[in-house]
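[1] 3D, please:
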Amino acid sequence: MAVARVTEIIASSAKGFDDAVRVGMRRATKTLKKVKGAWIKDQSVVVDAKGKITEYRVKLKVTFVLTD
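    Residues are numbered from 1 along each chain as shown. Down below sits the predicted model:
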């Protein structure tokens with residue numbers, strides 16, 4: 001029987017939400033072992049004074065299995 005844990009991470013990208021998810025998952029798998037999945041809890045953007053989107057941000061809930 002496996003026991004899993006969920007941790008929340010925030011990732012960002014200047015390219016878009018999809019890229020922010022890729023960046024976050026790439027970084028999460030460097031530290032967390034046995035990552036089994038993730039879901040997007042929240043999305044947001046940063047805009048400059050002219051209203052242009054400068055950054056896309058995602059909050060991810062990452063699920064990984066605990067090891068002995």
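[2] Can you name the residues that contact residue 15?
    By C-beta atoms under 8 Å, 6 or more residues apart in numbering, residue 15 lies in contact with residue 56. Using the backbone N, CA and C atoms, a C-beta is placed for each residue, glycine as well.
[3] Please identify the helix or strand for it.
    Here residue 15, judged by DSSP states H and E, is contained in no helix and no strand.
[4] And it, its phi and psi?
    phi -90, psi -40 (degrees, to the nearest 10).
[5] So the residue located most distally from the centre of the chain, which state does it fall into?
    In the chain, counting by C-alpha atoms, centre = their mean, residue 50 sits farthest out from the average C-alpha position, at 27.3 Å. State at residue 50, reduced to three classes by DSSP: H, G, I helix; E, B strand; the rest coil: coil.
[6] State the distance from it to residue 1.
    55 Å (C-beta to C-beta, to the nearest Å).
[7] Dump stretch 12-26 to CSV, restricted to CA.
    Extracted in CSV, the C-alpha atoms of stretch 12-26 (Å, rounded to 0.1, in the frame of the first residue of the first chain):
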residue,chain,number,x,y,z
SER,A,12,5.8,31.3,-13.9
SER,A,13,6.7,31.9,-17.6
ALA,A,14,6.7,34.8,-20.0
LYS,A,15,5.5,32.5,-22.7
GLY,A,16,2.1,31.3,-21.4
PHE,A,17,0.3,29.1,-18.9
ASP,A,18,1.3,25.8,-20.6
ASP,A,19,5.0,26.8,-20.4
ALA,A,20,4.5,27.8,-16.7
VAL,A,21,3.1,24.3,-16.0
ARG,A,22,6.1,22.7,-17.8
VAL,A,23,8.6,24.8,-15.9
GLY,A,24,6.9,23.9,-12.6
MET,A,25,6.8,20.2,-13.2
ARG,A,26,10.4,20.1,-14.5
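[8] List the buried residues in it.
    12, 13, 17, 20, 21, 23, 24, 25 (16 or more other C-beta atoms under 10 Å).
[9] Can you check the pLDDT for the residue farthest from the centre of the chain?
    Residue 50 is assigned 97 on the pLDDT scale.
[10] show me where the chain has strands.
    Assigned by DSSP state E, the chain shows strands spanning 4-13, 35-47, 53-65.
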